[in-house]
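Novice: output the structure for:
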Amino acid sequence: MSAQQRSALFIDGANLYAATKALGFDIDYRRLLREFQSRDSLLRAFYYTAIVEDQEYSSIRPLIDWLDYNGFRVVTKPAKEFVDSMGRRKVKGNMDIELAIDALELAPHIDHMVLFSGDGDFRSLVEAMQRRGVRVTVVSTIQTQPAMIADDLRRQADEFVDLAHLISRIGRDPGERASRGPDNRNNGDTGTRSRGETPERSARPSPALESRYGIRQDDEPVGS
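Specialist: Next comes the predicted model:
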């Protein structure tokens, strides 16, 4: 890929999480950002996720706060909870529209879109971006049973990159957690940015990030 290309990452958080879980590894988002900064002139890195505002699902907040502080543009909205016909608690949170709008608005300013998702609903978006002259790479995996990417989305993309082939470049090193001590600085809750809001930058994420996501909090932020 040309180093002169202007690119943007669009990460479907829930879909990417499901794919990495199926492959049995965790993403180091600092390494992911650096990997794609080294490939292109990276203008934006978006991360989309719906959030359930209760204690059970609060573990995602430290990750979102860290992403927001370290070069990612995080877009969230409240997830909807419901009980299915079997009495099981379900959560629904679709960010497809938000991702599509951001991609189409950014299309005149980029040459290359990298979409982290296997959701077939994005096929029409990929086609629309291509009509605007944007080359589209889709990142997901076919190394699982069943595959995590819809066949029509994979066929529509200009390039398909299997997530399994990126593990050595963007995967978290499990040994990092044991080699680092706790971070004793004063930490606060930055909160999560919804569309249109400006995040509070004065506080740092919880030290639980280091053990939960392999994030090094004492490093300088990457990106802007």
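Novice: how close does residue 128 sit to residue 78?
Specialist: 27 Å (C-beta to C-beta, to the nearest Å). C-beta: built from backbone N, CA, C; applies to glycine.
Novice: please apply the same query to residue 9.
Specialist: 24 Å.
Novice: who's more crowded, these two?
Specialist: Between residue 9 and residue 78, counting by other C-beta atoms under 10 Å, residue 9 is the more crowded of the two (24 against 11).
Novice: what helices or strands is the helix or strand harbouring that one leaning on?
Specialist: Element membership for residue 9, per DSSP states H and E: strand 6-12. Under the contact criterion of 3 or more C-beta pairs under 8 Å, 6 or more residues apart in numbering; DSSP states H and E, strand 6-12 touches helix 29-39, strand 41-51, helix 96-106, strand 112-116.
Novice: after the last one, next one along is what?
Specialist: Read it as strand 112-116. With DSSP H and E, the next secondary element past strand 112-116 is helix 123-131.
Novice: over to the second one?
Specialist: Moving toward the C-terminus from strand 41-51, the next helix or strand (DSSP H and E) is helix 60-69.
Novice: by how many degrees do that next one and helix 29-39 diverge?
Specialist: 30 degrees (axes from the mean of the first three to the mean of the last three C-alpha atoms, to 10 degrees).
Novice: and the angle for helix 60-69 with strand 41-51?
Specialist: Angle of helix 60-69 versus strand 41-51, following the same axes, to 10 degrees, is 160 degrees.
Novice: please compute how far helix 60-69 lies from its chain's middle.
Specialist: For helix 60-69, the gap between its own C-alpha mean and the chain's C-alpha mean amounts to 11 Å (C-alpha atoms, centre = their mean, to the nearest Å).
Novice: report the angle between that helix and strand 6-12.
Specialist: For helix 60-69 against strand 6-12, the angle by the same axes, to 10 degrees is 170 degrees.
Novice: for helix 60-69, buried residues please.
Specialist: Buried residues in helix 60-69, counted by 16 or more other C-beta atoms under 10 Å: 60-69.
Novice: gap between residue 140 and residue 71?
Specialist: Applying C-beta to C-beta to residue 140 and residue 71 gives a distance of 22 Å.
Novice: out of the two, which sits in the busier spot?
Specialist: Each of residue 140 and residue 71 has its neighbours counted (other C-beta under 10 Å); residue 140 has more, 28 against 18.
Novice: tell me the contacts of residue 23?
Specialist: Going by C-beta atoms under 8 Å, 6 or more residues apart in numbering, residue 23 touches 141, 143-144, 163-164, 167.
Novice: most neighbours, which of these?
Specialist: residue 163 (25 neighbours).
Novice: report the contact partners of that residue.
Specialist: Contacts of residue 163 by C-beta under 8 Å, 6+ apart are 19-20, 23, 139-141, 143, 148.
Novice: per-residue pLDDT, it?
Specialist: pLDDT recorded at residue 163 is 97.
Novice: contact partners for the closest residue to it other than its chain neighbours?
Specialist: Take residue 163 and drop its neighbours on the chain: the residue closest to it by C-beta to C-beta, 6 or more residues apart in numbering is residue 141, 4.3 Å away. By C-beta under 8 Å, 6+ apart, the residues touching residue 141 are 19, 22-23, 118, 147-149, 162-164.
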